[in-house]
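> Whatever this is, show me its structure:
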Amino acid sequence: IHHAKAKNLAAKGEFSQAETEMTNASQKLNTLIKSSKDGKEFDPLKLQTHQLTGQIYAANGNYEACEEEYRKAVEHFPNDGRALFMLSRILELRGKTEEVLKLQERMKLLQAMQGSMFGP
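Now for the predicted structure:
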């Protein structure tokens with residue numbers, strides 16, 4: 001519910017309210033994860049929450065918070081190409097070229113590994 005509300009608010013340009021919705025979504029998700037056995041069943045939703053929150057922060061010009069959110073995504077999902085790509089984009093926007101180059105190398109390795117898993 002919070003994701004849908006946040007997307008609708010962001011589409012209307014109401015980014016501060018969208019940020020609030022995503023904060024609420026994160027809090028509720030964290031509560032669910034803590035109450036579950038290992039929380040793995042919530043991984044897809046957790047990744048979506050990081051990504052949408054980062055997008056809303058970026059759209060609102062809050063690049064520092066966006067970077068922090070994408071760093072969390074990469075920390076929790078180190079082999080997710082989308083998370084790596086989004087972090088590299090915000091780092092590029094913030095002029096952190098050395099980190100961008102490291103992430104690009106990491107993405108190339110990941111892509112090569114994933115490609116080898118599915119054949120030539």
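> tell me the centre residue of the chain?
The structure's the chain has its C-alpha centroid closest to residue 51; by Cα atoms, centre = their mean the separation is 3.0 Å.
> If you count neighbours, what's buried in the host helix or strand of that residue?
In this structure, residue 51 sits in helix 43-59 according to DSSP states H and E. Of the residues in helix 43-59, those buried by neighbour count under the rule 16 or more other Cβ atoms under 10 Å are 46-47, 49-58. Quick note: C-beta positions are derived from backbone N, CA and C, even for glycine.
> contacting residues around it?
Contacts to helix 43-59, defined as Cβ atoms under 8 Å, 6 or more residues apart in numbering, come from residues 3, 6-7, 10, 15, 18-19, 22, 25-26, 29, 33, 63, 65-66, 69-70, 72-73, 76-77, 80, 82-83, 86, 90.
> I appreciate the help and will end here.
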